[in-house]
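Enquirer: using only what follows, build the 3D model:
(chains A and B)
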2 protein chains.
Amino acid sequence: MEKIRIGIVGYGNIGRGVELAVERNEDMELKAVFTRRAPESVKILTEGVPVVHMDDMSGMKDEIDVMILCGGSATDLPVIGPQIVKNFNTIDSFDTHAKIPEYFANMDKAAKEGGNIGIISVGWDPGMFSLNRIYAESILVDGDTYTFWGKGVSQGHSDAIRRVAGVKNAIQYTVPVEEAVKKVRSGCGPKLTTREKHLRECYVVAEEGADLKEIEETIKNMPNYFSDYDTTVKFITEEELKANHSKMPHGGFVIRSGETGRDGNKNVIEYSLKLDSNPEFTSSVLVCYARAAYRLAKNGEAGGRTVFDIAPGMLSMKSAEELRAELL
Amino acid sequence: MEKIRIGIVGYGNIGRGVELAVERNEDMELKAVFTRRAPESVKILTEGVPVVHMDDMSGMKDEIDVMILCGGSATDLPVIGPQIVKNFNTIDSFDTHAKIPEYFANMDKAAKEGGNIGIISVGWDPGMFSLNRIYAESILVDGDTYTFWGKGVSQGHSDAIRRVAGVKNAIQYTVPVEEAVKKVRSGCGPKLTTREKHLRECYVVAEEGADLKEIEETIKNMPNYFSDYDTTVKFITEEELKANHSKMPHGGFVIRSGETGRDGNKNVIEYSLKLDSNPEFTSSVLVCYARAAYRLAKNGEAGGRTVFDIAPGMLSMKSAEELRAELL
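Expert: Purely as a prediction, here's the structure:
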């Protein structure tokens, strides 16, 4: 069997996750990891696979089928995405929801120029949650869709706390309010405020002698991040933080309830994730979409794509015949 | 806006459900209901829409974009499916899992001959549950998938009870065993027997003077249907049956748990449905796939398809731009 040759661009949590996911997909092989750092300073998990500087990427055009871009959405992907997709098929997890239309347009243009496929915003939200929103909304035309996140770590909120004066380290969990989830599941279609949907739990390591009361107030009143939520702040030691809060669990729910027929029949569709490792799961989604990118490119297609454009059968190692016989 | 013109073939629970679902989709209109009965004997809910005999279908080739086939899988669809798809795009809910490969081959051949699209096995299982099996399996390569059905009415099992001597009427609910669902959700990947996964609850109206003990034993020991399950039999009156058991609720769960990475991280994906009306929900799925069939045919495609072959964006009333901006 000819294996799908994968390149990883950027070696952080997601890059490492992709490396581990490729390991579990027997129709794929990791060909190289690309980095902006000095390649010799980057130790990867897979033996015999080279770490290559980003500047030397274009020389490997014939050796890699799909590049999985593991950079950040804020400043990294908007720059490197369109550059790389000119030479390679790409998958990324671009997740700045508001900027998706602009990013898509740039990726689509560059992908078409290069004759490649660029699938953007792959992961679980955007990604699997988006898919569940579209399926559920298409089926239950009249209804309400709710997305809950957590319990899980929000990197952005943790960073925001770390910028508060007197804070040495911190981690923030987004927690869905159980009462709200229960109401939504009942199918009654409740109107819920931001505060009613999620709690924010903060675990903070303070600097010695810092004013804890002031830190707590500063966090709780931070606009955009915390002021619209019920927020709890708990001070812990650096050791406790390391011991109890160094894993990256996450999860959440997409729930749509809607009416059918003329007799007020209610129907509830729910999709949920419970993840021990957010980056490993996100990476596993990226990797199966790499298979789709490979197949689309083989079919001669080119341009930008999202999960909405990819037929589910494209993701599976199984043939169409096997899928119909075994999974339908 | 040019509306998608829908025809309904067969006017039972699903046919009526499709009629009601079309009502909620503003880009569609019902053009005709086709029946094998005398058309004047069939009263439909929508005013001004003709009921037409099946024999007169071919004359309406230019008036209908998609035919939704609402017949049974045992004897009806295998015959009429290939006939109709020669002249029309079709959607059906063929659900005899073991015969899907054969039915697909026949539909694919006939659809190609006619230059039409035939999407088979659409609904929730096969259908939405199949989609969730393929997505979850493609992401979590190493893991276990579990499908639970219920609580809901099984028509096949209810019919089996009605054939028992001394039984006047009956209804059977398939019920997932809570303990099993809980175990599966924990991510431990349990091995479960048929008996451990589902219970069967039977509500039976006996004929006067019938031997209740014997009826109960006959049901509980019926091979294939009941002998592998923990089955309860409760005798009720015809009035109770009508009052408390005439609705058609259903639902179920698809759960996959799987490991990622090298540290034994567990991840659980769950999809669940809770339906007040099984036929109305199934019909709502059929109708959004009719939109996909219409679009594929417009694009010049022809042949058999399943839900695995249809990109999710095809199902939505929204444009690709709207979907990226609003749902991704």
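Enquirer: buried residues in the helix or strand containing A:Arg291, which are they?
Expert: Using DSSP states H and E, A:Arg291 sits within helix A:278-298. Neighbour-count burial for helix A:278-298 flags A:278-297 (criterion: 16 or more other Cβ atoms under 10 Å in any protein chain shown). The C-beta positions use only the backbone N, C-alpha and C, and glycine is treated the same way.
Enquirer: can I get it in CSV? Just the C-alpha atoms.
Expert: Coordinates of each C-alpha in helix A:278-298 appear next as CSV, following Å, rounded to 0.1, in the frame of the first residue of the first chain:
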residue,chain,number,x,y,z
ASN,A,278,-7.8,18.3,23.9
PRO,A,279,-4.7,18.6,21.7
GLU,A,280,-4.5,14.8,21.0
PHE,A,281,-8.2,14.7,20.0
THR,A,282,-7.9,17.9,17.8
SER,A,283,-4.9,16.3,16.1
SER,A,284,-6.8,13.1,15.5
VAL,A,285,-9.5,15.1,13.6
LEU,A,286,-6.8,16.9,11.6
VAL,A,287,-5.2,13.6,10.6
CYS,A,288,-8.4,12.0,9.2
TYR,A,289,-9.1,15.2,7.2
ALA,A,290,-5.6,14.9,5.8
ARG,A,291,-6.8,11.7,4.2
ALA,A,292,-9.6,13.6,2.6
ALA,A,293,-7.3,16.3,1.3
TYR,A,294,-5.0,13.6,-0.2
ARG,A,295,-8.0,12.0,-2.0
LEU,A,296,-9.5,15.2,-3.2
ALA,A,297,-6.1,16.3,-4.6
LYS,A,298,-5.7,12.9,-6.3
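Enquirer: which residue does the stretch 101-250 of chain A have closest to chain B?
Expert: As assessed by Cβ to the nearest Cβ, chain B sits closest to A:Ser138 within the stretch 101-250 of chain A, at 4.0 Å.
Enquirer: how about the contacts made by that residue?
Expert: B:Cys288, B:Arg291, B:Pro312, B:Leu315, B:Ser316, B:Met317 (Cβ atoms under 8 Å, 6 or more residues apart in numbering or on different chains).
Enquirer: next one: it, what pLDDT does it get?
Expert: Residue-level confidence at A:Ser138 comes out at 98, pLDDT.
Enquirer: contacts with chain A among the contacts of A:Ser138, please.
Expert: With the criterion set as Cβ under 8 Å from any Cβ of the partner chain, the members of those near chain A are B:Cys288, B:Arg291, B:Pro312, B:Leu315, B:Ser316, B:Met317.
Enquirer: check these against A:Glu113 and report the nearest one.
Expert: B:Pro312 (26.8 Å; Cβ to Cβ).
Enquirer: sorry, back to before: how about the contacts of A:Ser138 in TSV, adding distance to B:Val79 and pLDDT?
Expert: Shown next, in TSV, are the contacts of A:Ser138 (distance: Cβ to Cβ, whole Å; pLDDT from 0 to 100):
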residue	distance to B:Val79	pLDDT
B:Cys288	26	98
B:Arg291	26	98
B:Pro312	31	98
B:Leu315	28	98
B:Ser316	33	98
B:Met317	33	97
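Enquirer: tally of neighbours for A:Gly59?
Expert: 9 (other Cβ atoms under 10 Å in any protein chain shown).
Enquirer: looks to me like A:Gly258 is in a strand.
Expert: Yes: membership of A:Gly258 in a strand is supported by DSSP: H, G, I helix; E, B strand; the rest coil.
Enquirer: what residues are up against it?
Expert: The neighbours of A:Gly258, taking Cβ under 8 Å, 6+ apart as the test, are A:Ala136, A:Ile139, A:Leu140, A:Val141, A:Asp142, A:Gly143, A:Asp144, A:Lys266, A:Asn267.
Enquirer: what about the second one, how many neighbours?
Expert: A total of 28 residues lie near A:Ile139 under the criterion other Cβ under 10 Å.
Enquirer: for it, what are its contacts?
Expert: Contacts for A:Ile139 (Cβ under 8 Å, 6+ apart) come out as A:Gly258, A:Ile269, B:Met128, B:Phe281, B:Ser284, B:Val285, B:Cys288, B:Leu315.
Enquirer: the very next helix or strand once past the helix holding A:Arg291 near chain B at all?
Expert: Next in sequence after helix A:278-298, counting helices and strands by DSSP H and E, comes strand A:303-305. No: residues of strand A:303-305 are not located near chain B by Cβ under 8 Å from any Cβ, the shortest gap being 9.1 Å.
Enquirer: mean confidence for strand A:303-305?
Expert: 98.
Enquirer: any residues touching the helix or strand just after that strand, and which ones?
Expert: Next along the chain after strand A:303-305, taking DSSP H and E as the criterion, comes helix A:320-326. Contacting residues not belonging to helix A:320-326 are listed as A:Gly313, A:Ser316, A:Lys318, B:Ile100, B:Pro101, B:Phe104, B:Ile134, B:Thr306, B:Phe308, B:Asp309 [Cβ under 8 Å, 6+ apart].
Enquirer: among the residues you listed, who's most crowded?
Expert: The most crowded member of these, judged by other Cβ under 10 Å, is B:Thr306 (28 neighbours).
Enquirer: hang on, that one packs against B:Phe104?
Expert: Yes: the pair B:Thr306 / B:Phe104 is scored as a contact, 7.0 Å apart, by Cβ atoms under 8 Å.
Enquirer: circling back to that earlier point, quick check: the farthest pair among the ones next to chain A among the contacts of A:Ser138?
Expert: B:Pro312 and B:Met317 (12.9 Å).
Enquirer: who has more neighbours out of the two?
Expert: B:Pro312 (26 against 15).
Enquirer: run through the residues that contact that one.
Expert: B:Pro312 makes contacts with A:Leu131, A:Ile134, A:Tyr135, A:Ser138, A:Val307, A:Phe308, A:Ile310, A:Pro312, as judged by Cβ under 8 Å, 6+ apart.
Enquirer: one more time with 7 Å, if that's ok
Expert: Going by Cβ atoms under 7 Å, 6 or more residues apart in numbering or on different chains, B:Pro312 touches A:Leu131, A:Ile134, A:Tyr135, A:Phe308.
Enquirer: now the residues you listed in a markdown table, please, with extra columns for distance to chain B.
Expert: As requested, the contacts of B:Pro312 are exported to a markdown table (distance: Cβ to the nearest Cβ, whole Å):
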| residue | distance to chain B |
| --- | --- |
| A:Leu131 | 6 |
| A:Ile134 | 5 |
| A:Tyr135 | 6 |
| A:Phe308 | 4 |
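Enquirer: measure how buried A:Gly48 is and give me the count.
Expert: Residues near A:Gly48, counting by other Cβ under 10 Å: 5.
Enquirer: give me the pLDDT value at it.
Expert: 95.
Enquirer: ok, it - contacts?
Expert: Listed by Cβ under 7 Å, 6+ apart, the contact set of A:Gly48 is empty.
Enquirer: before we move on, what about A:Thr237?
Expert: A:Thr237 neighbours (Cβ under 7 Å, 6+ apart): A:Val205.
Enquirer: then A:Glu270?
Expert: A:Arg185, A:Phe253, A:Ile255, B:Ser272.
Enquirer: return the subset of those lying in helices.
Expert: Of the contacts of A:Glu270, the ones assigned to helices by DSSP state H are A:Arg185.
Enquirer: next, the contact list for the residue nearest the centre of chain A, please.
Expert: By Cα atoms, centre = their mean, chain A has its centre lying nearest to A:Gly123, at 3.8 Å. The contact partners of A:Gly123, by Cβ under 7 Å, 6+ apart, come to A:Ser93, A:Asp95, A:Thr282, A:Val285, A:Leu286.
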